[in-house]
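Undergrad: pasting a predicted model and its sequence here:
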Amino acid sequence: MIRLMIVEDEKATAADLKHMVEGLCSDMEVCSVCYDGETALKDIQQVCPDVIFLDVELPGLRGIEVAQALQEMERVPLIVFVTAYVDFAVQAFSVNALDYMVKPVSKRCLARVLLKIKKRMQQIKSSRVGKESDSYLRKLTINKGDRLEIIDCQDIRLIYGKNRQVFIMTKDDEVCRVKITLQEFEERLAGTSFFRCHRNYIVNVDEIKQITTWFKQRYLLILKGKKNLEIPVGRAYVNNLRQHVEF
């Protein structure tokens, strides 16, 4: 599932883009919609989008300034500018943008860009093949005052994001804040017992006690432990669950 963030100060335009993307591309999830650059930069750290549709004229930080700030990230999302200016190509490619779309964005233009995104994401995925075993995360260190405690990843029950921070819950129900993003966890735990079930949750399948049906064919995961935590499965992540549990 490709994760898309829309950064657009015109709410109607943002809603139209979201609606068209969802209609044209079943394997792309709009994980966040922001209406200004400052909020977008903060939200990116939490939701870790693969792609950003970025308006040029934003209140506060302009789109180009947001794109320039993103270049400092270890993992830079693909950037597609949305602009009212036809002659924007030079500026767009100065910050390594994948493409740009001129407002009002037509379905034909959007379909072309979505296809380009899919091809680029496939190239990125292919380049990672063979590297997973080297980057597989086995242990974490947690700061405990004057010492670092080592935690085996298989002792983790749940990884979750809250208030733009990331936490782990161990099998002993201990909760610790960590500096690794959810996206990094997802990538470095690929092929293990962990899978992403929601934009805010990564679960250890060995720690699932029950699966219950929820509103409109949605699912809830009941986890082991004293708290009997109920974790929702996002509609876009049901296939992830089915890859780990036969039902």
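TA: Sure thing, it's come through. A quick note: this is a predicted structure, and the numbers were derived from the prediction, not measured.
Undergrad: can you count the residues close to residue 84?
TA: Per other C-beta atoms under 10 Å, the neighbour tally for residue 84 reads 11. Where you see a C-beta, it was placed from the backbone N, CA and C, and this is true even at glycine.
Undergrad: could you list every helix and strand that the helix or strand hosting residue 64 packs against?
TA: Element membership of residue 64, judged by DSSP states H and E, is helix 63-70. Counting contacts by 3 or more C-beta pairs under 8 Å, 6 or more residues apart in numbering; DSSP states H and E, helix 63-70 is packed against helix 37-47, strand 51-55, strand 78-83.
Undergrad: can you lay out these as a markdown table showing mean neighbour count and distance to residue 94?
TA: Formatted as a markdown table, the helices and strands packed on helix 63-70 follow (neighbours: other C-beta atoms under 10 Å; distance: least, C-beta to C-beta, whole Å):
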| stretch | mean neighbour count | distance to residue 94 |
| --- | --- | --- |
| helix 37-47 | 18 | 17 |
| strand 51-55 | 27 | 14 |
| strand 78-83 | 23 | 11 |
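Undergrad: a markdown table for the ones you listed, including mean pLDDT and distance to residue 9?
TA: Listed next are those as a markdown table, based on pLDDT from 0 to 100; distance: least, C-beta to C-beta, whole Å:
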| stretch | mean pLDDT | distance to residue 9 |
| --- | --- | --- |
| helix 37-47 | 89 | 9 |
| strand 51-55 | 97 | 6 |
| strand 78-83 | 94 | 11 |
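Undergrad: could you export those as JSON lines, including distance to residue 119?
TA: Formatted as JSON lines, the helices and strands packed on helix 63-70 follow (distance: least, C-beta to C-beta, whole Å):
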{"stretch": "helix 37-47", "distance to residue 119": "23"}
{"stretch": "strand 51-55", "distance to residue 119": "12"}
{"stretch": "strand 78-83", "distance to residue 119": "11"}
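Undergrad: and the helices in this protein, which stretches?
TA: For the chain, the helices defined by DSSP state H occupy 11-24, 37-47, 63-70, 89-94, 107-128, 132-135, 182-188, 238-244.
Undergrad: can you list the residues that contact stretch 208-225?
TA: The contact list for stretch 208-225, computed with C-beta atoms under 8 Å, 6 or more residues apart in numbering, reads 157-158, 169, 171, 173, 197, 203, 207, 228-233, 235, 238, 241, 245, 247.
Undergrad: which of the residues you listed are buried, as a PyMOL select command?
TA: This is how PyMOL selects the buried members of the contacts of stretch 208-225, with burial counted by 16 or more other C-beta atoms under 10 Å:
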select buried, resi 157+158+169+171+197+203+207+229+231+232+233+241
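Undergrad: of the contacts of stretch 208-225, which belong to strands?
TA: In this view, the contacts of stretch 208-225 that belong to strands under DSSP state E are 157-158, 169, 197, 203, 230-233.
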